[in-house]
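K.L.:
show me how the following folds:
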Amino acid sequence: MSEASINDVLIPGIPANSPEESSVFAKRSSAFKSRIERCRQLEKAQEIRDNLLHVASKIAIPAKNLEQNLISYQVLRQVLDSENSEPIVGPFDRDTFGHPKTLLEDFLQQYKTHKHDVAQQDEFPLLIQKIASLAEDLKEHTSTAWCEYIRGLKAQWEVDQRLFSTRSHLDDERKKQSDYIDLVTLFTNKSRSLPKTTEEFEAVLTLHKQLCQQREALKLEVPEDVNIFLKAVVGQGATLEMLTENVRTWLVEEDDLTRYRIKRL
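P.N.:
Model (predicted):
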């Protein structure tokens, strides 16, 4: 058998395709190429989406902090300190803290050029850094003013609670002291963080007014000789020399004289 005959047996000749078969193949080939192209487009779209989400997530955290600090800053710019009729927090000096708007404009310009690849440009990390820095500076600026304001309020009613011991034996005074301590706790909790709304600020101011009233109800200012006598009583004991006429008068008018006893050592 000749070589040509062997080839014919092993590899049969392929007859020419009919026009109909050629048309079907061409359609299937075209559809397959379209699917491949579609897959490539989807992969590219997924890459673009991931890049944009990355950009958004990088900006979101410092931008959220800046937003929260800006809200408190605006609240404390709207309310006035009753002592001087000035806003509680002073204006935020943009010349000192920079102009992030310029950086934002530079970033937007780069975004128009590079689209989803903008994160690879120098303007992007610089923008993130500036937003974070601005948020921190604004928080410090606002918190400093808020702490000073709170200290001023406390100075109007804050007392040394160790003085309560000289009057705590009286039921009426003990109730006033307990109410005062409860209000102080509420005030401390409410004023610990920056107010986010005017209502939160008003809640702190309301507690301050209640504390001022409660402070007036507390009878802590006593004459010096009375104070010495009372401290001695709660300590090692007071001597008869300490029981002056002024002390006795005060005990009759302001205290309960029957709770005191004279003992010989």
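K.L.:
now do the helix or strand hosting L183: distance to the chain's middle.
P.N.:
Applying DSSP states H and E as the criterion places L183 in helix 171-191. Computed by Cα atoms, centre = their mean, to the nearest Å, the chain-centroid distance of helix 171-191 equals 26 Å.
K.L.:
so that it lines up with my notes, have the first residue be 58 from now on.
P.N.:
Renumbered: residue one is now 58, and that last one reads helix 228-248.
K.L.:
what's the helix or strand following that helix in contact with?
P.N.:
Sequence-wise, the next helix or strand downstream of helix 228-248 (DSSP H and E) is helix 255-274. Outside helix 255-274, the residues that touch it by Cβ atoms under 8 Å, 6 or more residues apart in numbering are 132-133, 135-136, 207, 210, 213-214, 216, 233, 236-237, 240-241, 243-244, 247-248, 252. The C-beta positions use only the backbone N, C-alpha and C, and glycine is treated the same way.
K.L.:
in helix 255-274, what counts as buried?
P.N.:
Neighbour counts over helix 255-274 (16 or more other Cβ atoms under 10 Å) mark 257-258, 260-262, 264-265, 267-268, 271-272 as buried.
K.L.:
where does the stretch 208-322 of the chain have low pLDDT?
P.N.:
Within the stretch 208-322 of the chain, the set of residues satisfying pLDDT under 70 comprises 220, 222-228, 291, 322.
K.L.:
quick one: contacts of the helix holding L240?
P.N.:
Contacts to helix 228-248, defined as Cβ under 8 Å, 6+ apart, come from residues 203, 207, 210, 215, 218, 221, 224-225, 257, 260-261, 264-265, 267-268, 271-272, 274-276.
K.L.:
now do the buried residues in it.
P.N.:
230, 233-234, 237, 240-241, 243-244, 247-248.
K.L.:
next one: stretch 203-210
P.N.:
Counting neighbours by 16+ other Cβ under 10 Å, stretch 203-210 gives 203, 206-207, 210 as buried.
K.L.:
among those residues, which are located in helices?
P.N.:
Among the buried residues of stretch 203-210, DSSP state H puts 203, 206-207, 210 in helices.
K.L.:
closest to D107 out of those residues?
P.N.:
Nearest to D107 among those: W203, at 40.9 Å, using Cβ to Cβ.
K.L.:
from S248, how far off is the closest one?
P.N.:
Counting by Cβ to Cβ, to the nearest Å, the gap from W203 to S248 is 8 Å.
K.L.:
give me the common contacts of those two.
P.N.:
Counting by Cβ under 8 Å, 6+ apart, W203 and S248 have no contacts in common.
K.L.:
dig out what the residue lying closest to R134 once chain neighbours are set aside forms beta bridges with.
P.N.:
Excluding its sequence neighbours, the residue lying closest to R134 (Cβ to Cβ, 6 or more residues apart in numbering) is P144, at 4.9 Å. Partner residues in beta bridges with P144, using DSSP bridges, are L137.
K.L.:
for P144, give me its contacts.
P.N.:
By Cβ under 8 Å, 6+ apart, the contact set of P144 is 133-138.
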